[in-house]
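A.B. asks: Generate a structure from the sequence data that follows.
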Amino acid sequence: MREMREMREMYVVTWNVHGMKDVDKMRDAIESMRRKDVCIVVFTDTHFENHDCPEFDVIASEFGYKCFHVTRLMKRFDNGSGGVTIMVDDRLKSSFIRTSELEDLIWICVEFENEKIFVGGVYLVPPPSSRILKAKEIVMEIGRDMARFCLVGQVILAGDWNCKVG
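C.D. replies: Next up, the predicted model:
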């Protein structure tokens, strides 16, 4: 059983896992975050389908985490991309806020030291994707969400933007 220290700092990490459907990869990722005492992790590009989430949740709960997922329906011959999971330390009060109808965007609320922190996780497809128009709509949706949430608390948005620079 892990030590339950008082939380004085909150560590937030984002990690593009490039697919995490393998149980060993799930366990390794979660265990790594626990060793570093990370409080909130935004995993992107999980490739999770709905049936993968319960298995991940069971492993995460063993390490003292609660999870929130957004997945997308994989089409035939789809090799997978996208999917976001936000994992929160059980010592923090956390709740689901919403997911986008356009997939690959999720918002939760975490309470830390009497403050509300809205945490968003997003995966935007790369430009050549057939889903690029949805990605542009998600960016507009993110702007609306952030404007609303910043009136109530702090906002953290993390994810994979698939931007190329240089």
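A.B. asks: rest of the way, CA atoms for contacts and neighbours
C.D. replies: Will do.
A.B. asks: So, low pLDDT: which residues of this protein?
C.D. replies: 1-8, 73-80, 164-166 (pLDDT under 70).
A.B. asks: buried residues in the longest helix along it?
C.D. replies: Using DSSP state H to define each element, the chain has its longest helix at helix 132-149. Counting neighbours by 16 or more other Cα atoms under 10 Å, one finds that the buried residues in helix 132-149 are 134-135, 138, 142, 145-146, 149.
A.B. asks: again, but for stretch 109-128
C.D. replies: 109-110, 112, 116-126.
A.B. asks: Take the buried residues of helix 132-149 and lay them out in TSV including distance to residue 82.
C.D. replies: Below are those laid out as TSV (distance: Cα to Cα, whole Å):
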residue	distance to residue 82
134	12
135	11
138	13
142	16
145	20
146	21
149	24
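A.B. asks: now the nearest residue to residue 131 once chain neighbours are set aside: how far from residue 107?
C.D. replies: The shortest distance from residue 131 to any non-neighbouring residue, by Cα to Cα, 6 or more residues apart in numbering, is to residue 125 (6.8 Å). Using Cα to Cα, to the nearest Å, residue 125 is found at 18 Å from residue 107.
A.B. asks: next one: residue 137
C.D. replies: From residue 137 to residue 107 the distance is 16 Å (Cα to Cα).
A.B. asks: re earlier: closest one to residue 18 out of the buried residues of helix 132-149, please.
C.D. replies: Closest to residue 18 out of the buried residues of helix 132-149 is residue 135 (18.3 Å), distances taken as Cα to Cα.
A.B. asks: Quick check, the closest one in contact with residue 125.
C.D. replies: Yes. Counting by Cα atoms under 8 Å, residue 125 is a contact partner of residue 135 at 6.5 Å.
A.B. asks: neighbours around the closest residue to residue 71 other than its chain neighbours, how many?
C.D. replies: Once flanking residues are discounted, residue 71 sits nearest to residue 83: 4.7 Å by Cα to Cα, 6+ apart. The number of residues packed near residue 83 is 27, by other Cα atoms under 10 Å.
A.B. asks: Distance of residue 83 relative to residue 154?
C.D. replies: 24 Å.
A.B. asks: Enumerate every residue touching residue 21.
C.D. replies: By Cα atoms under 8 Å, 6 or more residues apart in numbering, residue 21 lies in contact with 46-48, 52.
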